[in-house]
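[1] the following comprises the amino acid sequence and a computationally predicted model.
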Amino acid sequence: MQTFGPFHFDPAERTLWRGNSSVPLTRKASALLNCLIEGRGSWLSKPAIMAAVWPDTHVHPDNVKVLVREIRVALGDDFHAPRYIQSEPGRGYMFVAELQREEATVSTPPRDAPLFINRGTELAQLNEAFDSVRASDRRIVFITGPSGIGKTALADTFIRTVRSTIPARIAYGQCLLHSGTVEPLYPLFDAIERLGRECPDVLPLLAEHAPSWLQQFPRWRGDSHAAPLDPSDLAEGGGLTNAAMIEEFCVFVEALARETPLVLCLDDFQLADAATINALEALALRDTPAKLLVLGTASLPHATPHAQRLQRLLAMLRTRPATVSVPLEPLTERNIARYLDARFGAGFVSFLAPQIREATAGNPRLMVVALDGLVERGLLSEAEGSWRREAASDVLVGVLSECLRPALGRQIDDLDPVDRVVLECAAVVGSDFSADQVGTAADRPQTAVSKHLDRLAAEGGFIQIRRPASRSADRTYRFGSPIFARFLADQAPALQQIRAIQRLGRIAELTARRA
């Protein structure tokens with residue numbers, strides 16, 4: 001971490017921060033800033049910069065000026081009185097600010113400030129997409145990954161950077177899993193209502209371009225006694241049709257995004273109703289210029305009502321140049337160590353990084369749950385702005401799995417019943433297993449078990465596919481963490497476990513006899 005003035009630059013993640021707020025930079029601008037900081041006090045010529053930022057690519061030298069200007073705007077640097085980047089014709093550019101010591105860059109953020117690190121590359125992808133949007137080139141961005149991987153945190157951080165950078169409209173809609181009748185287009189109504197509270201100028205545009213949508217907000221029409229939309233009105237043969245309302249919505253959104261950038265964020269899109277999925281598809285297929293960024297987060301579980309429809313939509317979107325896919329991967333030991341340093345202070349509990357990685361399989365939510373558990377149990381305590389360890393290192397490591405039990409229990413409870421049985425039988429086999437072994441333990445066909453395991457591995461919650469040693473080798477699987485296997489085994493019904501062990505034992509006995 002490099003610190004200068006009020007800024008922090010992470011050379012590993014190529015991200016720029018002011019305090020606890022991310023400062024948006026494109027990837028190329030981040031690469032140039034890194035070059036300038038590394039060469040602090042020395043002139044960097046345009047050819048040297050081009051070779052470092054655009055290796056093996058021929059670009060016009062004026063691109064360097066464009067990137068330098070972007071960095072200066074981000075830093076608030078004055079060309080005539082530079083505090084950070086000095087330029088001189090014929091010599092190039094030089095970073096002139098003093099760099100502080102690295103240990104001074106890690107501090108505990110305020111209690112009410114979100115701690116967001118380790119997703120610099122993904123945040124840069126979102127910033128690049130937004131750069132295109134500002135030029136009236138619409139973008140559809142999906143952040144995907146298993147539950148707890150940090151999709152919403154990344155989206156929220158990006159939205160905060162947008163709000164702090166330029167005037168923009170933010171429309172946020174939450175997709176919900178309903179136990180009863182699903183209200184068609186609910187997330188979009190939610191987004192419009194929230195936006196209307198922030199931006200009164202939205203209402204005239206809604207009245208002009210989407211009058212049937214305005215009818216669903218009685219208080220905006222001054223009619224508090226009007227009835228809201230009946231879901232049957234959107235059914236085939238109802239008074240309105242999905243197609244009519246979706247067309248109105250698309251026109252309304254494009255009017256909103258004609259001059260001012262609009263970010264339409266749809267969180268937990270895997271829970272979206274069919275009409276909302278159709279609306280997003282219609283919006284994605286239109287090519288009218290608009291400063292529009294549709295930002296969706298999705299964990300893509302199979303058991304939601306419209307999972308197949310959503311998968312088809314995402315497959316279609318991937319073929320379109322305006323779509324950006326941002327899959328989130330589990331945290332590495334290095335990522336976790338950086339989080340520990342940022343939360344508790346440099347080097348305080350960074351030794352826990354390998355154990356946390358093993359216990360949580362790099363899932364950020366589980367990492368936070370485990371650390372919160374250590375704090376709640378008094379094993380890590382804060383006094384007067386500094387942290388103290390109240391237990392030996394081996395005690396901290398031993399308590400990690402206990403801290404995770406409630407969160408893992410909730411994840412297991414959310415599983416499809418058949419998936420749960422399959423995973424519980426896999427846990428009987430061990431941390432590593434094959435579909436054939438699990439099929440034997442569960443007394444289910446191997447082909448059916450393979451489908452369950454492949455899907456569960458793709459969702460990334462509990463297991464992953466092991467790469468076979470050779471092409472002829474059978475596919476095998478493993479639990480992301482041994483703790484997952486132990487917890488599933490503990491939760492499984494005793495009779496189910498006994499029968500699974502008996503079936504596996506009979507197969508082992510038969511195999512031994514044949515040998």
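    Nice, I can see it.

[2] any idea which helix or strand comes after the host helix or strand of Val73?
    For Val73, the host element (DSSP states H and E) is helix 62-75. Following helix 62-75 in sequence order, the next helix or strand is strand 85-88 (DSSP H and E).

[3] what residues sit buried inside that next one?
    Ile85, Gln86 (16 or more other C-beta atoms under 10 Å). Any C-beta I mention is one placed from the backbone N, CA and C, and that applies to glycine too.

[4] tell me what the following helix or strand past it is packed against?
    Sequence-wise, the next helix or strand downstream of strand 85-88 (DSSP H and E) is strand 92-95. With contacts taken as 3 or more C-beta pairs under 8 Å, 6 or more residues apart in numbering; DSSP states H and E, strand 92-95 sits against helix 27-38, helix 46-53, strand 85-88.

[5] out of the ones you listed, flag the one nearest Gly373.
    With C-beta to C-beta, the closest approach to Gly373 among the helices and strands packed on strand 92-95 belongs to helix 27-38: 35.3 Å.

[6] can you list contacts of that closest one?
    Helix 27-38 has contacts (C-beta atoms under 8 Å, 6 or more residues apart in numbering) with 2, 4, 9, 11, 14-16, 25, 44, 49, 52-54, 63-64, 67-68, 70-71, 74, 85, 93-95, 99, 124, 128.

[7] Phe348: what's it in contact with?
    Contacts of Phe348 by C-beta under 8 Å, 6+ apart are Leu340, Asp341, Trp387, Arg389.

[8] over to Leu379?
    Arg389, Glu390, Ala391, Val395, Leu396, Val399.

[9] please parse the chain into its domains.
    2-105, 120-327, 333-412, 415-514 (automatic domain parsing).

[10] mean confidence score for the shortest one?
    This points to domain 333-412. Average pLDDT, domain 333-412: 89.

[11] can you check the first one too?
    Predicted confidence along domain 2-105 averages 81 (mean pLDDT).

[12] and what of the second one?
    Mean pLDDT, domain 120-327: 83.

[13] about what we covered before: distance from the helix holding Val73 to the middle of the chain?
    28 Å (C-alpha atoms, centre = their mean, to the nearest Å).

[14] tell me what angle that helix forms with helix 46-53.
    70 degrees (axes from the mean of the first three to the mean of the last three C-alpha atoms, to 10 degrees).

[15] got a list of contacts for helix 62-75?
    Under C-beta under 8 Å, 6+ apart, the answer for helix 62-75 is 5, 7, 16, 23-26, 28-29, 32-33, 36, 46, 49-50, 53-54, 77-79, 82-85, 87, 93.

[16] list the contacts for the residue most central in space within the chain?
    For the chain, the residue nearest the mean C-alpha position is Lys151 (2.1 Å; C-alpha atoms, centre = their mean). Neighbouring residues of Lys151 by C-beta under 8 Å, 6+ apart: Ile143, Thr144, Gly145, Thr297, Ala298, Ser299, Leu328.

[17] could you find the closest non-adjacent residue to it?
    Thr297 (4.0 Å; C-beta to C-beta, 6 or more residues apart in numbering).

[18] what residues does whichever strand or helix holds that neighbour touch?
    Assigned by DSSP H and E, Thr297 belongs to strand 292-298. Residues outside strand 292-298 that contact it (C-beta under 8 Å, 6+ apart) are 126, 129-130, 133, 138-144, 151-152, 155, 158-159, 253-254, 257, 261-270, 280, 283-284, 310, 314.

[19] now the contacts of Leu379: which count as buried?
    Buried among these (16+ other C-beta under 10 Å): Leu396, Val399.

[20] can I get the contacts of Leu379 in JSON lines including distance to Phe487 and secondary structure?
    Below are these laid out as JSON lines (distance: C-beta to C-beta, whole Å; DSSP: H, G, I helix; E, B strand; the rest coil):
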{"residue": "Arg389", "distance to Phe487": "26", "secondary structure": "strand"}
{"residue": "Glu390", "distance to Phe487": "26", "secondary structure": "coil"}
{"residue": "Ala391", "distance to Phe487": "23", "secondary structure": "coil"}
{"residue": "Val395", "distance to Phe487": "20", "secondary structure": "helix"}
{"residue": "Leu396", "distance to Phe487": "19", "secondary structure": "helix"}
{"residue": "Val399", "distance to Phe487": "15", "secondary structure": "helix"}
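
[21] many thanks, we can stop here.
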